[in-house]
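[1] sequence plus predicted model, see below.
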Amino acid sequence: MKTIGVLNGPNLAQLGTRETEIYGTETLEDLEQLLRKEAQTLGATIITEQSNHEGIMIDTLERWSKQGVTGIIINPAAYSHTSVALRDAISGLSTPCIEVHISNLYQRESFRQHSLTAAVCQGAICGLGFTGYVLALNALIQQSNPTSLTHQKADAVTSK
């Protein structure tokens with residue numbers, strides 16, 4: 001069974017109460033429940049962690065990689081814009097990683113419009129709320145299924 005790790009960074013434990021005009025009123029627990037249900041329908045499981053501490057996030061990535069996690073969804077939050085250490089940790093992973101942000105970084109302050117970490121992720125999704133996490137989960141599961149990818153490539157060629 002495929003296992004996807006979902007790692008949320010600083011202040012995301014405050015979802016539902018913090019800056020609801022940006023992040024909405026749903027909680028981190030709501031997000032995790034949504035992802036567990038979606039993973040179950042896709043024949044996968046998820047493990048989740050949230051930390052306000054950069055080093056703990058790096059330790060989590062390393063631990064998950066050693067445990068054979070199939071893919072990682074990461075919302076580094078503010079560390080996206082500041083953490084070379086987190087970027088290096090992601091870059092060193094052999095596990096595919098997709099960066100997700102609930103808000104649209106490009107509609108926010110200029111210092112938030114550049115992500116150091118997204119450049120070393122397989123992909124990045126921002127501005128779609130919790131749907132971005134669901135899309136990342138689906139992408140990681142599809143990509144870890146070679147049969148699914150083969151069909152996608154064949155479909156793309158035949159539709160031209």
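    Yep, that arrived.
[2] residue contacts, Ser94?
    With contacts defined as Cβ atoms under 8 Å, 6 or more residues apart in numbering, the neighbours of Ser94 are Ser65. C-betas here are computed from N, CA, C, even on glycine.
[3] so where is this structure shaky, pLDDT-wise?
    In the predicted model, the chain carries pLDDT under 70 at residues 146-160.
[4] any idea which residue is closest to the centre of it?
    Centrality entry for the chain: nearest residue to the mean C-alpha point is Ile73, 2.3 Å, by Cα atoms, centre = their mean.
[5] looks to me like it is in a strand.
    Yes - per DSSP: H, G, I helix; E, B strand; the rest coil, Ile73 lies within a strand segment.
[6] was I right to think it contacts Ile98?
    Yes - between Ile73 and Ile98 there is a contact under Cβ atoms under 8 Å: 5.5 Å.
[7] need the overlap of contacts for those two.
    Ala136, Leu140.
[8] contact partners for the residue nearest to the centre of the chain?
    With contacts taken as Cβ under 8 Å, 6+ apart, Ile73 has the following neighbours: Ile4, Gly5, Val6, Leu7, Cys97, Ile98, Val100, Tyr133, Ala136, Leu137, Leu140.
[9] which of those residues fall within helices?
    For the contacts of Ile73, membership in helices holds for Tyr133, Ala136, Leu137, Leu140, with DSSP state H as the criterion.
[10] any idea which of these has the most stuff around it?
    Each of the ones in helices among the contacts of Ile73 was scored by neighbours using other Cβ atoms under 10 Å; the highest score is Ala136's, at 28 neighbours.
[11] not counting its neighbours along the chain, what's nearest it?
    Counting by Cβ to Cβ, 6 or more residues apart in numbering, Ala136 lies nearest to Ile98, which is 4.1 Å off, once chain neighbours are set aside.
[12] just checking, the one you found touches Ala118?
    No - here Ile98 lies out of contact with Ala118, judged by Cβ under 8 Å, at a distance of 9.4 Å.
[13] which neighbours do these two share?
    When contacts are counted by Cβ under 8 Å, 6+ apart, Ile98 and Ala118 are jointly contacted by Ala124.
[14] can you give me the neighbour number for Gly71?
    The local packing count at Gly71 equals 24, with neighbours defined by other Cβ under 10 Å.
[15] dump the residue contacts of it.
    With contacts defined as Cβ under 8 Å, 6+ apart, the neighbours of Gly71 are Lys2, Ile4, Gly5, Thr95, Pro96, Cys97, Ile98, Leu140, Ile141, Gln143, Ser144.
[16] many thanks, have a good one.
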